[in-house]
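Asks: Sequence below, structure please.
(2 chains)
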Amino acid sequence: MEISPDNWEAVKSLFEAAQELAPEEIPAFLAQNCTDSTLRAEVERLLAQDRKAGDFLLAPALAGFRLEPERPPAQFRAGELLAGRFRIIRFIAAGGMGEVYEAEDVELKADRAIKIIRPEILNQSNAVARFRREVRLAQQVTHPNVCRVFDIFRHKSEASGMSDVWLVSMELLHGVTLADRLKKEGRMSLREALPLINQICSALGAAHHAGISHRDFKPSNVILVVSKDDASCRVVVTDFGLAVRSVSSTETTSPTTGSELFGSPAYMAPEQIERQVTTPVSDIYALGLVMYEMVSGKRPFEGDTPLSVAVKRLTQNAPSPRHLLPQLPPRWETVILRCLEREPAKRFTNVEEIADALSGEGGPVPVSSTMDLQRQKRGTESRLVAATSSWTAPVAHAAQKVQNKSLRKIIVLAVVMLVAALIGSGVYYYLSNPTKLLTEKDTIVLADFDNSTGDPIFDYTLRTALSMSLGQSPFLNVLSDSKVATTLQLMTRPTDTKLIPEVAREVCQRAGSTVYLEGSVVSMGNKYVLTLKAVACQGGDTLAQEQVTAASKEKVLQALDEAASKLRSELDDRSVKKFHVPIEAMTSSLEALQSYSMGVTTERETGDAASVPFFQQAIELDTNFTMAYAELATLYGNLSQPSLGLLYATKAYQLRERVNKREKLRISALYFHARGEVDREVETYKLWIENYPRDFVPHSRLGANYVDMGQYDKAVAQYREALRLAPEDDVLNYRDLGASDVSLNRLEEAKANFDKAVAHELDSGLLRVNLYCLAFLRGDVAQMEQQVASAMGGPDEDQLLSLQSDTEAYYGRMSKARDFSGRAVGSAVLNDDKATAALWQVNAALRDAELGNAALARQEVAKALVLSWTRDVEVVAALTQARAGDARAAKALAEDLEKMYPTDTLLKLYWLPTIRAAIELNEGNSSQALEDLKATAPYELGQAGMFINYAYPAYVRGQVYLLQHDGAHAAAEFRKLKDHKGIVGNFVTGSLARLQIGRAYAITGDTAASKAAYQDFFAIWKDADPDIRILKEAKAEYATRVTRIVGINNDAGNSGDRKLREVINAGDVAHAKIVFPGKVSLGQTTDQVEANFGKPKIIANLGSKIIYVYPDMKVTFVDGKVIDVQ
Amino acid sequence: MKPEFTDVTVLLSELGKGNQEAASKLVPLVYDELRRIAERHMRLERPDHTLQATALVHEAYLKLVGKPSKHFQNRMHFFAVAATVMRHLLVDYARGRNAEKRPGGHQIIPLDAAFNVSAVLAPRAGGELNKSEELLKLDKALERLSKLDPRQVKVVELRFFGGLTVEETAVIIGISSRQVKREWSLARAWLHGELESSRHGDLAG
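Replies: From the prediction side, this is the model:
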C-alpha cells in the first residue's frame, strides 16, 4: 500500500469527488473510476476516517487552553517601607494590575490595601499622568458600597537600575468575594440576593453619577464585608473605572492593543466585545449577568471557548433564568432580561431603575434558601480581600477605515459636521457698518494660546473653547481646522505644527484670510489673565484687543467667554445678543474640554476609532458635555455601530438646550438620523438653512436624505448649493454630486464632477467605488480592473472585491462571483471589520437567492449573521430569506427589525414592505404582495439608507405581476430596472430584469419584444456558468414559450426536432423559421390551446384529466381547462 | 526594542518578495515574542482565563511590527509565520512536559507557563500527559503529511495552530475558500487516521 506524492493527487481528486456524492453512490463511483486497488483502499480508508473524525481539530489548538498561574515571588517583604509611608504587613494576592499587599499607613496609623502598579502599564508616555487622573476621579467617589481609593504614590527603588514603583492606597476590606461565595455555596435565595443587589446598584449609581463606568464589573470585584454586629452584610464594589481606562486613551500604536481578549470576557457586554466600548449601560449588562448567576447559580451563556461565548452573546438573547429556576418571580425575570438586552438602548438607562424595579417585589419569597448569609459568614473563614481583579491592557482600536464603507451613502459625518459646526466654517461675516473691519468673504485664523502658566491643561482647551464660542456666530467666519491643516501642508510643515502667532499669520496669508486671533494666558498668584488680540495678517495691525482676569482656574472658561463676547462686538458682530450661549454652559470642566480637544485632533490626524477614548473621557469628566456625546454619536455611526450611535445621539439630544443654536440643529439632525426619522431630519436641515443660510453642511446632508428617498434631482440641487457655498471646504460634495449624476444616468456630468473632486485633491481612495461604478456603466473594463488593482492591499480592498463580485454575478459568472465575495469577506475580517464583512457575505447570499440557489443563500445568511448583526445586514438577510423561500426565517427577522428600529421611516416604508411582499409572492398571495408594495412607491428608486440600491420593490412587484399573468404591468416594472441602470448598477437584478422583461412580453403576446429581451439577456450572460438554474430555465422557456419551429412535426421528424433544439439552446434562433405563439394560460380550453399550438403529438385521455404532449411542452387539462403547463 | 520593529518589517517585506531566508530569521523572533507574551499573561491572569491563538498572534504582531499596518500583505505573511511558530511552541512545550515526567528525558525549551493542551485533540483521552502526547503525535503526523502534501500542512497550521478561519486561510495561502475546505477536510481525515493507528500501536506495544 504505497501512497506516494505521485499518486497522492489521484487520491485527492477521488476523495473530493466522492465527498460530493451520497454515501450509497460511493462504492459504484469508486468501482467505476478507480481500478487500482491500493488507491481505492486508501480513498475508502480516508472517507471512513472523515466520517469518524467528528470534531477532531475543529477547535483551534489554543481554544481550550487554560492558564495555570504561577505565582511569582512577592516583590516586597513584610516590614518593608514603601514610599516612606506604608509598612508591608503581608502579601495578599497578585491581580492583573500587579500585587496587592496589606500595609500600615505609618503616617495615619491606618490599615490600607496597597496595589502595586505593574511597570508595563506605566511605561507608556503620559500613562502616569493619566493614571493619576483616574485615581483622582476615583477619589471623589465616597460611598459606603464603593471601595475607597485614597491616593497614588511613587516608591523610589533603592536598588540601582530598578525603575520606580507606583502604588495606589485603598481601603482594606475584610470579607469574601461574591465569586468565592457563589463558587462555594452555589446560588442564593432571593431574600439573600436582594439586599446585595440593592447595595451593588447603589455603588454603581454613585460611580455613574460621578462619570465613572466600572468597565469590568464581575463577582470577583464584589466583596461581601463581614460586619461586626453580624446582622447585615455590607457589599463593596472595587476597582471602579480602573479596569481599562488606566491606559486606554494612549495612542493607537500601543503595543498591547491586541490583548483585549485576555480580559474577563465572561462579563463583557456585547458592545464591549464587539468594539471595546464601555458605558454605564455596559455595567448594567454585566450586572444582569451577575444577577443571573446569583439567583440561578449559572451563567446564561456557556461555551467551550471565550470566543464562542462571546459570539453567543453577540448573536443570541439570553435564555430566561426561569428555565433554570421555574419559581423565579416574573418581575425578577423581566429585570434580569432587560439588563441583558443586546442593544444598549433597550436596557435600563440607570441602575436606580433596577433597584426600583426589584424592590416592588413583595410577599413571601418563594425560593428555598440554600444557605443564608449568616451561616455562610460563620462557615467561611473571612480573609483579607482587596481588589485584585485584572487591570486589563489597553484597548484602543487599531484598524480604522478612513473611508465610510457605505457605497454612496454618507459623507464622513465626523469630518464635515465637526469641522463646520465646531469651528464654524461656511459662516459668513455680514456687516452693514460702514467702517467694515471684515467683509463676508473674510476668514479668521485662530492661533494657539500662548500658555505661560506651566499648566498643560490650557494648551489646547482654550483654543477649542474659543472656536466653540465664535462658532455660534452666523457672522464670523473661522478658517476650519482641515483648511488649516491643508495650508500647513502647502507650507511643508507638519499638520500638527503649533500655531504660534508667526505661523498663524503665515497660514492666514496663504489661505487668503484677513485676520488672525492670538490669545495668551498667564498666571499671577491664584489669578489668571487672559488676552485676546485680533491682528490683520497683512500689515500686522492690531484691530481689537481684550483682556480679562479670572479669579481662579475654575473661572477661566467664564473669563474667556467674556473676552470672546467683547471681541465679537468689537469686530462688529451684531449677533452677540441673539446667538450667545456661554462656553461654561457647554462644559465647565477644563479637563473635559482638554479630552475633547485631543479627541478632535486625534480624529483628524489618526482617524475615528482612535479618537473615541478621548470623547469617552470627556463625558466621564463632564456627564453633561453635550458636544462630546454628539461626537461619539457621529463616530459610532461611522464605525458601523449604529446602536451605540443612537445611544449617544439620544443623550446629546436630551442635553441639547446646553449648546448654541447651530449645535442644537446639528444634534437634532444627528438624532433623527440615528433614529431613521428621515422626514424630521429633512425638516431640521431646512430649519438649519433658514437660520444659517451660509452653512453648506445642511445642504450636503439634505442631499444625502434625498438620495435615500430616491429624489435624485433634488439631491443634485442641494449638492450644487453646498458647492456654491463652500467650493473648497468639502470636496466630497463633488463626489456625491457625481454619484447622483450616475443615478440619473448622466454619465458625462458624473465624470466631470469626479474629475473636479480629484482636481481638488480628494484622495482617490475615497472616489474609487464611484469611479468603478461609472466605469461599469460605460463598459470600460480596463478602468474597472485598474480601480480594483489599485485598491488591493489598501483599506478599501474588500469593498472593491465585493463590487467585482457583483459584476461577475451580473454576467452570470457565479463561481467567480463567489470567489470575489469570499475574498471581500476575508479581507474585511482581516481588517477587524466584521460588520462590513457580514455585508459582503449577505450581499452574496441575496444574489444566490435570486439565482434560485436557495440552500446556499441560507447558509451564507447564517454565516453573515454570525459575523455581525447590524441593521443593514439584518435587512438584507431578511430579504434573502424571503427570496430563498424561507418565510419563517424572513418573518422572524422582519419582526425583529420592526421591534429594534421602530422609528426608522425607510425601514417601515421601503424594506419591510418589500420583504413582506417577497414572502407573499412565494406563497402565491399576489394581491397582498401588491398591497404591501404600495407603501414603497414614493421611495422605490431611493437608496433607502442602505449600502447598495437594488431597486427591489419594482423587481418584486414585476414578479407579482408575472404571477398574475399581467404581462404589461410586469414589463413596466422590470423596465424600471433596465431604464435606471445608474441606480441598479452592477447588481444581478439588473441583468435578470432583461430576462423578466422577456417573460412579461411572452405573456402579452408581444413576441418580438419578448424575443429581443431574451436575446438581450443571453447576450449579457454569454459567458455565464452553464449550470445556473435560472439560465437553464430561461433557455427552456425560450424554446417552449417563445420559439416554435414551424414544420417540426412534418418535415424533420425526431432528428430535426433534436437539431432545432440544439439551435435554440445555443441561443441562435435566427436560422430557424420561427413563429411566436400566444400564451398558454391557466383556465384556457383545449380549443384555445390548439388554436395557438396546433394538434399535439400525443393526447393522453385520463377521464376528467387530459394531457397534451407537444415536443417541448406538456399541458394538463382538468374538466377541459388548463391547470398546468410544463 | 525599536530597532527590532524595523527588522521585522524589513523581514516581512523580504518574505513578501519570496525571500525564504527571511522566514528563517523571523521564526526565532516571533517565537521569543509569543513566548514572552504567553508568559506574561500567565503571570498576570487568573486561572479562569483562557487564551486565544489569534489574540496572541495579534499581540505579537503589534509588539514586533510596532503598529497595525495597513499593508496587510505583511500581516498575512506574519500570520503564516506565526502559525508555524505556534506549532513549534506548543510541541516544544509538550516535549518539555513529557521530559519532566520521564526521568532521563531531555529538556527542550519548556514554555515556562503551564498549558493544558486543547481538549479537542483527544476528547476522551483523559489526563494532561495524554494530551501532550497527542500533540507530539500530531506533530509527527504533520511531518509525514508534509512529504505528501505541504499545502495541507500549511492549511492545518493556519487553521488549527493559528486559529484562523477558512476565509482568512484562503487569503493567506492565496487559494479559494472552497479549496481550503477541501484540503482541510482531507488533511483532517488523514491525520485522524494517523493518530488513531498510533493509538492502536501503543496499545499493541
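Asks: Output the below-cut-off pLDDT ranges for chain B.
Replies: Low-confidence segments of chain B, defined by pLDDT under 70, are located at B:1-7, B:36-75, B:93-94, B:96-132, B:199-205.
Asks: residue contacts, residue A:561?
Replies: Residue A:561 makes contact with A:465, A:469, A:582-584 under the criterion Cβ atoms under 8 Å, 6 or more residues apart in numbering or on different chains. (Glycine included, C-beta is placed from N, CA and C.)
Asks: swap that for residue A:148, please
Replies: The contact partners of residue A:148, by Cβ under 8 Å, 6+ apart, come to A:142, A:170-171.
Asks: between those, which is closest to residue A:851?
Replies: The shortest separation between residue A:851 and any of the contacts of residue A:148 is 63.7 Å, and it belongs to residue A:170 (by Cβ to Cβ).
Asks: any chance you could map the helices in the stretch 751-900 of chain A?
Replies: Across the stretch 751-900 of chain A, reading from the start of the chain, the helices by DSSP state H, counting those that start in this stretch fall at A:764-777, A:781-791, A:797-810, A:814-830, A:834-850, A:854-867, A:871-883, A:887-900.
Asks: Nearest to chain B, out of the ones you listed?
Replies: With Cβ to the nearest Cβ, the closest approach to chain B among these belongs to helix A:814-830: 3.6 Å.
Asks: in that closest one, what counts as buried?
Replies: Within helix A:814-830, the residues that count as buried by 16 or more other Cβ atoms under 10 Å in any protein chain shown are A:814, A:816-830.
Asks: For it, which helices and strands make contact with it?
Replies: Applying 3 or more Cβ pairs under 8 Å, 6 or more residues apart in numbering or on different chains; DSSP states H and E, one finds that helix A:814-830 contacts helix A:797-810, helix A:834-850, helix B:72-101, helix B:166-173, helix B:177-204.
Asks: CA atoms only for the shortest one, dumped as PDB, please.
Replies: In PDB, the C-alpha atoms belonging to helix B:166-173 read as follows (Å, rounded to 0.1, in the frame of the first residue of the first chain):
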ATOM      1  CA  VAL B 166     -11.400  29.300   6.300                       C
ATOM      2  CA  GLU B 167     -11.600  32.700   4.700                       C
ATOM      3  CA  GLU B 168      -8.500  34.100   6.400                       C
ATOM      4  CA  THR B 169      -6.600  30.900   5.500                       C
ATOM      5  CA  ALA B 170      -7.700  31.300   1.900                       C
ATOM      6  CA  VAL B 171      -6.500  34.800   1.700                       C
ATOM      7  CA  ILE B 172      -3.100  33.900   3.200                       C
ATOM      8  CA  ILE B 173      -2.400  30.900   1.000                       C
END
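Asks: Show me what counts as buried in it.
Replies: Residues of helix B:166-173 classed as buried under the neighbour-count rule (16+ other Cβ under 10 Å) are B:166-173.
Asks: Could you pull out the buried residues of the top helix by length along chain A?
Replies: The residue-count maximum for a helix in chain A (DSSP state H) belongs to helix A:190-209. For helix A:190-209, the neighbour count (16+ other Cβ under 10 Å) marks A:190, A:192-194, A:196-208 as buried.
Asks: for stretch A:516-534, same thing?
Replies: For stretch A:516-534, the neighbour count (16+ other Cβ under 10 Å) marks A:516-521, A:523, A:528, A:530-534 as buried.
Asks: can you redo these as a markdown table with pLDDT?
Replies: Output for the buried residues of stretch A:516-534, formatted as a markdown table (pLDDT from 0 to 100):
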| residue | pLDDT |
| --- | --- |
| A:516 | 89 |
| A:517 | 89 |
| A:518 | 89 |
| A:519 | 89 |
| A:520 | 88 |
| A:521 | 88 |
| A:523 | 82 |
| A:528 | 87 |
| A:530 | 88 |
| A:531 | 88 |
| A:532 | 88 |
| A:533 | 88 |
| A:534 | 87 |
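Asks: if we take the residues you listed, which one ends up nearest to residue B:136?
Replies: Of all the buried residues of stretch A:516-534, the one sitting nearest residue B:136 is residue A:521; the distance, using Cβ to Cβ, is 68.3 Å.
Asks: Quick check: which helices or strands does the strand or helix carrying the closest one pack against?
Replies: Assigned by DSSP states H and E, residue A:521 falls within strand A:515-524. In terms of contacts (3+ Cβ pairs under 8 Å, 6+ apart), strand A:515-524 is packed against strand A:444-451, helix A:458-471, helix A:501-510, strand A:527-536.
Asks: tally of neighbours for residue A:133?
Replies: By the criterion of other Cβ atoms under 10 Å in any protein chain shown, residue A:133 has 18 neighbours.
Asks: Could you give the average pLDDT over the host helix or strand of it?
Replies: Element membership for residue A:133 (DSSP H and E) is helix A:127-139. Computed over helix A:127-139, the mean pLDDT rounds to 72.
Asks: Lowest-confidence member of the contacts of residue A:148, which is it?
Replies: Taken together, the contacts of residue A:148 show their lowest pLDDT at residue A:142, with 81.
Asks: Walk me through the domains of chain A.
Replies: According to the domain assignment given by automatic domain parsing, chain A is divided into the following structural domains: A:5-52, A:81-119+A:139-168, A:175-383, A:415-586, A:603-695, A:1044-1125.
Asks: Residue A:978 is nearest to which of the ones you listed?
Replies: Taking these one by one with Cβ to Cβ, domain A:1044-1125 is closest: 19.3 Å.
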